[in-house]
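Trainee: model this:
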Amino acid sequence: MSRPIAAVQLGYLRVMTLFGAHIGLQHTTPDELRSVWRRIEDLGFGWISVWDHFYGATGRPDDAACLEAVTMHAALACATSKVRCGSLVYSIGYRHPAVLAKAITAIDLLSGGRAEIGIGAGWAKVEYDAYGIPFPEAKVRLDQLEEGVQCLRGLLHDDVADFEGKYFTLTDARNEPRPVQAKLPIWIGGGGEKRTLKIAAKYADGWNVPFIGPDTFAHKRSVLHGFCDSAGRDAAEIRCAINVGIASDDANLRHQFGAIADLVRPGVLTGSDEEILDHIGKYIDAGADQINISLRAPFDIGLLERVSAALNLA
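Mentor: Next comes the predicted model:
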């Protein structure tokens, strides 16, 4: 989880922060994505991640133009040579954790040891309903998440895994061939302060949350650290990341995010280069170890070029 790291001068503040890009899979093609990923890598970003949706992330039941995540995660690994290849985040309700463990192991082998996996409780009910996938109440989905991340840890970090839960069971389970990385990083996504952050504190190597402002990020990070204290875990072991949008203007923001534009606005970078750098600096002050710029089609790579140049990444 260490390369490439950019040293950034933001006024008085010099920090070591990983900058990445989180690229949506809706309304695009594999050829376009490969071109976008390679350009992002050339611009000096150190991380690229995919999302896990079957429909576009607008919540509309007629918005179904979206590529499948595991397949595109593997394509990302094959199309790049330096960036960390992440997922933010796979839904626990879509695939058994053993299937995910096997898939991410193959992706780690394809990438030469650059894969990371994120997992969450899931939220896009429109997708579950359309495909007949059970969408239980939040407590059940979070229970499944807590069991699933333990299964992933066993399969990815240990030679043999045993686990007996209500939803998942592993018996003398082996994941071979092994990943390139001895401890392939596992992320928990979400900002829920009752369960999600508690699960992350116990089991995650990284925690990610999207589209919230710096003050809210700082608060949730403090909640996470409180749960780490309760669990007897060093909070420094968990990498804390924020996904932020970027938009040239309000029209571009609404074009990217549709009905949720106002909801995500606190976590979207806009304005001049100086204003964007100032906003990034606030996240760093709030404790962000990693900042991912989130883009969806139609991709405005010029916005990422501005960020790369302002941060001197390339």
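Trainee: I'd like the next helix or strand past the strand or helix carrying Gly226.
Mentor: Assigned by DSSP states H and E, Gly226 belongs to helix 214-231. Using DSSP H and E, the helix or strand that follows helix 214-231 in sequence is strand 239-246.
Trainee: angle of that following strand against helix 214-231?
Mentor: Computed by axes from the mean of the first three to the mean of the last three Cα atoms, to 10 degrees, the angle separating strand 239-246 from helix 214-231 equals 160 degrees.
Trainee: low pLDDT regions in the chain?
Mentor: The chain contains residues with pLDDT under 70 at 1-15.
Trainee: mind running it again at 50?
Mentor: Across the chain, the ranges flagged by pLDDT under 50 are 1-7, 11-14.
Trainee: run the chain-centre distance for the lengthiest helix in the chain.
Mentor: Longest helix of the chain, by residue count under DSSP state H: helix 138-157. From the chain centre to the centre of helix 138-157 is a distance of 17 Å (Cα atoms, centre = their mean, to the nearest Å).
Trainee: just after that helix, pick out the following helix or strand.
Mentor: That would be, after helix 138-157 and using DSSP H and E, strand 161-164.
Trainee: dihedrals phi and psi, the closest residue to Ala314 other than its chain neighbours?
Mentor: Of all residues not flanking Ala314 in the chain, Gly44 sits nearest, at 4.0 Å (Cβ to Cβ, 6 or more residues apart in numbering). Every C-beta, even on glycine, is put in place using the N, C-alpha and C of the backbone. Torsion angles at Gly44 (phi, psi; degrees, to the nearest 10) stand at phi 100, psi 0.
Trainee: likewise for Pro298?
Mentor: Torsion angles, degrees, to the nearest 10, at Pro298: phi -70, psi 130.
Trainee: returning to that earlier point: number of nearby residues for the residue nearest to Ala314?
Mentor: Using other Cβ atoms under 10 Å, Gly44 is surrounded by 18 other residues.
Trainee: what helices and strands are in contact with the longest helix of the chain?
Mentor: helix 97-111, strand 117-120, strand 161-164, strand 169-173, strand 186-189, helix 196-203 (3 or more Cβ pairs under 8 Å, 6 or more residues apart in numbering; DSSP states H and E).
Trainee: now the angle between strand 169-173 and that helix, please.
Mentor: Going by the same axes, to 10 degrees, helix 138-157 makes 0 degrees with strand 169-173.
Trainee: list the contacts of helix 138-157.
Mentor: 92-93, 97-98, 100-102, 104-105, 117, 119-122, 135-136, 161-163, 165-168, 170, 173, 175, 179, 182-184, 186, 188, 192, 195-196, 199, 203-204 (Cβ atoms under 8 Å, 6 or more residues apart in numbering).
Trainee: try it again at 6 Å.
Mentor: Residues from elsewhere that reach helix 138-157, judged by Cβ atoms under 6 Å, 6 or more residues apart in numbering: 92, 97, 101, 119, 121-122, 161, 163, 165, 167-168, 170, 175, 183-184, 186, 195, 199, 203.
Trainee: are any of those buried, and if so which?
Mentor: 92, 97, 101, 119, 121-122, 161, 163, 167-168, 170, 175, 184, 186, 195, 199, 203 (16 or more other Cβ atoms under 10 Å).
Trainee: quick one: buried residues of stretch 257-273?
Mentor: If you call a residue buried by 16+ other Cβ under 10 Å, then stretch 257-273 has these buried ones: Phe257, Ala261, Val264, Arg265, Gly267, Val268, Leu269, Thr270.
Trainee: please compute how far it lies from its chain's middle.
Mentor: Distance, centroid of stretch 257-273 to centroid of chain: 18 Å (Cα atoms, centre = their mean).
Trainee: any idea how far apart the tips of that stretch sit?
Mentor: 22 Å (Cα to Cα, to the nearest Å).
Trainee: now the most centrally placed residue in the chain: phi and psi?
Mentor: Most central in the chain under Cα atoms, centre = their mean is Leu88, positioned 2.5 Å from the mean C-alpha point. Note on Leu88: backbone dihedrals following degrees, to the nearest 10 are phi -140, psi 90.
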